[in-house]
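Enquirer: Next one to model:
(one chain, ligands or ions: 1)
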Amino acid sequence: MIHITRRETFNAAHQLYNPKWSAEKNREIFGLCSNIHGHNWELFVTVKGEIEEETGFVMDLKDLSQIMKKEIVNKVDHTFLNKDVDFLRGKLPSTEVFAVEIWKILQPIIPNFCKGTLHSIKLVETANHYVEYFGK
Ligand code: NI
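Expert: Alright, predicted model coming up:
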C-alpha cells in the first residue's frame, strides 16, 4: 500500500456567518471571518493503493489532476463559496465543511480511474491552518 498526492490551487472567498444568529453573535463567534474574505486555497488529494506493475503508478497523476480540476477547482475558482457553488449551497462553508463536501464528490470517482481509493482530502486555508478529512 502506497499513498500519492496531487496538489491544485484556487482562489475563492467565503464568509463564516450563520444566518440563524444575530450579526452580533456571528461577530462574537467568527470574528473577522464573519466578513466576506478571500483565500488562496490549496487542495491536496491523496489516493492509496498498490503499485500497478505495468505503469509503476497507483494512479496516473494526470487523471487525478484532471478530476480535481473538473469536479472541484473549476466549480469554485474565483467564486464566493457561500452563494456561487452548487455543492455548498445551504451550507456554512467553513474549511471543515468544504473538505467533507470535496470528499463526497471525489470518493466515488477515483476508483473509475485506478485500482486505488481516496485516502484523504487536505484543504489549506492559510499558511497557518488546514483541515484533513479521511472519510469518517
Ligand atoms: Ni477564511
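
Enquirer: Name the residues of stretch 88-96 that are buried.
Expert: 88, 92-95 (16 or more other C-beta atoms under 10 Å). Backbone N, C-alpha and C define where each C-beta goes, glycine included.

Enquirer: Looking at the residues you listed, which is nearest K104?
Expert: L88 (11.2 Å; C-beta to C-beta).

Enquirer: about what we covered before: can you put the buried residues of stretch 88-96 in TSV and add secondary structure, pLDDT and distance to F10?
Expert: Listed next are the buried residues of stretch 88-96 as TSV, based on DSSP: H, G, I helix; E, B strand; the rest coil; pLDDT from 0 to 100; distance: C-beta to C-beta, whole Å:
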residue	secondary structure	pLDDT	distance to F10
L88	helix	98	13
L92	coil	97	19
P93	coil	98	13
S94	coil	98	17
T95	helix	98	13
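
Enquirer: Contact partners for the nearest residue to H129 once chain neighbours are set aside?
Expert: Nearest residue to H129 in three dimensions, chain neighbours excluded: T95, at 7.6 Å (C-beta to C-beta, 6 or more residues apart in numbering). The contact partners of T95, by C-beta atoms under 8 Å, 6 or more residues apart in numbering, come to 123, 125, 129-131.

Enquirer: With distance to E50 added, can I get the buried residues of stretch 88-96 in a markdown table?
Expert: A markdown table is the format used below for the buried residues of stretch 88-96 (distance: C-beta to C-beta, whole Å):
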| residue | distance to E50 |
| --- | --- |
| L88 | 34 |
| L92 | 38 |
| P93 | 35 |
| S94 | 35 |
| T95 | 31 |
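
Enquirer: shaky segments in this protein?
Expert: By pLDDT under 70, the chain has no low-scoring segment.

Enquirer: Would you state the strands of it in chain order?
Expert: 2-14, 37-49, 79-80, 117-126, 129-133 (DSSP state E).

Enquirer: Tabulate these in a markdown table, adding columns for mean neighbour count and distance to K104.
Expert: Compiled in a markdown table, these are given as follows (neighbours: other C-beta atoms under 10 Å; distance: least, C-beta to C-beta, whole Å):
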| stretch | mean neighbour count | distance to K104 |
| --- | --- | --- |
| strand 2-14 | 16 | 17 |
| strand 37-49 | 18 | 13 |
| strand 79-80 | 16 | 18 |
| strand 117-126 | 18 | 10 |
| strand 129-133 | 14 | 10 |
